[in-house]
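> sequence and predicted structure are below.
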Amino acid sequence: MVSLAALRWLADQDAAFAMLERNGQVLITTGPVRSSDARLRRAQAVASQSGAALRIARELISRKLAGQEHVVRDKLLDSKTAEMISGFRAEVDKTETMEAIRMLEAQGAAPYWSVWRGLPISFPRNDLRRVPNHWRTFDTRKSPLSGSQRLAANPVNAILNYLYSLLESEARLAAAALGLDPGLGFIHLDTPARDSLACDLMEPIRPEIDAWVLGWITREPLRREWFFEQHDGTCRLMGSFAVRLSETAPTWGRAVAPR
């Protein structure tokens, strides 16, 4: 139970409050908000016409591709694919349309996630008899259940989805702290029930989460007790494990924080 007094105390401390489902859905995010500046929000709203949106998108996606290049080169030890991603990053600065930026981002994502394919996922020997075979290797970011990243079918994708949701909540807070509208994005199109600017701000930080997860799963085994499988094959996090992952939120908050 969370009392109103506790929420008031958080507000007095300029601290944020976020509530997530175990599947990673962000239910509530609230925190310090800068006084509204109509001029700033107006500039944000017309950024596509002023050219600011294109410059911002170039910067965000360039940083994302640089992060993916680093993960592939230094964590997955694939210099050839790293050079390919580097080439896409070099092209971003030459783009003249948002569609071209999105295309380069997608072109970089394909080889990036292909390097993850076949990555072994270890579990303690005593757990193996209760671990489905498709949990023991990383296949693809796309779930066979949804055709997208939603509805993770294995533990690593479930972990990534949850951590990305933590990052999304931190990106919302960062935007609000600057007096920006988290819903008015540049790269992500306007969609009901989505904060597109928060999704934009997440992009350069995603590879940091990927690197963190890679470091963990290559260093120590996952445990069967941390996950459960629903009747449709969706892999979910147990509540105690989700709590453990939520403790990383300050790390992603610092990564996306206004500088």
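On my side now, so go ahead.
> flag every buried residue along the helix or strand where Gln44 lies.
Secondary structure from DSSP states H and E places Gln44 in helix 38-45. Using 16 or more other C-beta atoms under 10 Å as the test for burial, helix 38-45 gives Gln44. (Glycine included, C-beta is placed from N, CA and C.)
> again with stretch 7-15
Under 16+ other C-beta under 10 Å, the buried positions of stretch 7-15 are Leu10.
> and for stretch 206-221?
206-214, 217.
> do stretch 89-107 as well
Here stretch 89-107 shows 89, 91-92, 95, 98, 100-102, 104-105, 107 as buried, counting by 16+ other C-beta under 10 Å.
> residues contacting it, please?
48, 53-54, 57-58, 61-62, 64-66, 69, 88, 108, 186-187, 203 (C-beta atoms under 8 Å, 6 or more residues apart in numbering).
> end-to-end on it?
Terminal residues of stretch 89-107 are spaced 10 Å apart (C-alpha to C-alpha, to the nearest Å).
> so for that stretch, mean pLDDT?
Mean pLDDT, stretch 89-107: 96.
> centre of the chain to that stretch, how far?
20 Å (C-alpha atoms, centre = their mean, to the nearest Å).
> now stretch 113-120
Taking mean C-alpha positions (C-alpha atoms, centre = their mean), stretch 113-120 and its chain are 18 Å apart.
> cool, stretch 153-164 as well?
Distance of stretch 153-164 from its chain centroid, counting by C-alpha atoms, centre = their mean, is 10 Å.
> which residue, other than its chain neighbours, is closest to Ser48?
Leaving aside its chain neighbours, Ser48 sits nearest to Phe186 (7.2 Å; criterion: C-beta to C-beta, 6 or more residues apart in numbering).
> what sits against the one you found?
47-48, 53-54, 56-57, 60, 98, 196-197, 200.
> reformat those as CSV; add secondary structure.
Below are the contacts of Phe186 laid out as CSV (DSSP: H, G, I helix; E, B strand; the rest coil):
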residue, secondary structure
Ala47, helix
Ser48, helix
Ala53, helix
Leu54, helix
Ile56, helix
Ala57, helix
Leu60, helix
Met98, helix
Ser196, helix
Leu197, helix
Asp200, helix
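> buried members of those residues into PyMOL, please.
The PyMOL command for the buried members of these (criterion: 16+ other C-beta under 10 Å) is given here:
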select buried, resi 47+53+54+56+57+60+98+196+197+200
